[in-house]
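S.K.: Dropping a prediction and its sequence here:
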Amino acid sequence: MSDLSSNTIIMVKQNNSLSPKGFVWLFVSILAIIMIVAIGVSLVGAWFALPFAGLEVLAFASAFYHVYLHYEDHESITLNGDDVVIEKQHYKHQEKFTFQRYWAKVIVRNESDGRCGLFIGSHGKEVEFGRCFMTDEQRLMIAKQLRYQLKNND
């Protein structure tokens, strides 16, 4: 990651290797394979495979739908003038937190689940950043860069 400037935007999001159109093509391909196999097996006499194939298609559809709903989830930090703005989008829920840059603190601490957590806050209020989108090493690197940038108000 490059040096942070006074209008810094740090955005973290999940790695989406497929586009929404790719999801549709993958699902249609899986559906075709399942149905060809299920119909072929049922023609041989194992008709009871069809209901299970239907359940399998429903399970895939449910998993793909869940992934699609969270396709645009992300978190960002913007250092803009005297403000530190943290924005989070999770499905249809958006949150925005603003802290005064002078008072903002970057805190890294070990959580009960064994990972380290990156928190930004001031005056008793903290917001966790990058919980689902970053590794511990990435959190530590961003914490170091944010501390440097907050200390050196350009």
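M.R.: Nice, I can see it.
S.K.: any idea how far residue 67 lies from residue 151?
M.R.: Residue 67 sits 40 Å away from residue 151 when distances are taken as CB to CB, to the nearest Å. C-betas here are computed from N, CA, C, even on glycine.
S.K.: Who has more neighbours out of the two?
M.R.: Neighbours of residue 67 and residue 151, each counted by other CB atoms under 10 Å, are more numerous for residue 67; the result is 14 against 8.
S.K.: thinking the more buried one is in contact with residue 22, fair?
M.R.: No: no contact is recorded between residue 67 and residue 22 when judged using CB atoms under 8 Å, the distance being 11.2 Å.
S.K.: Can you spell out which helices and strands pack onto the helix or strand that contains residue 21?
M.R.: Element membership of residue 21, judged by DSSP states H and E, is helix 20-44. In terms of contacts (3 or more CB pairs under 8 Å, 6 or more residues apart in numbering; DSSP states H and E), helix 20-44 is packed against helix 49-69.
S.K.: buried stuff in the helix it packs on?
M.R.: Buried residues in helix 49-69, counted by 16 or more other CB atoms under 10 Å: 49, 53, 56, 57, 64.
S.K.: Lowest-scoring secondary structure element of the chain by mean pLDDT?
M.R.: In the chain, the helix or strand scored least confidently by mean pLDDT, DSSP states H and E is strand 7-13, which has a mean of 83.
S.K.: ok, of the buried residues of helix 49-69, which one's closest to residue 10?
M.R.: residue 64 (29.6 Å; CB to CB).
S.K.: could you measure the closest one against residue 136, distance?
M.R.: Computed with CB to CB, the distance linking residue 64 and residue 136 is 30 Å.
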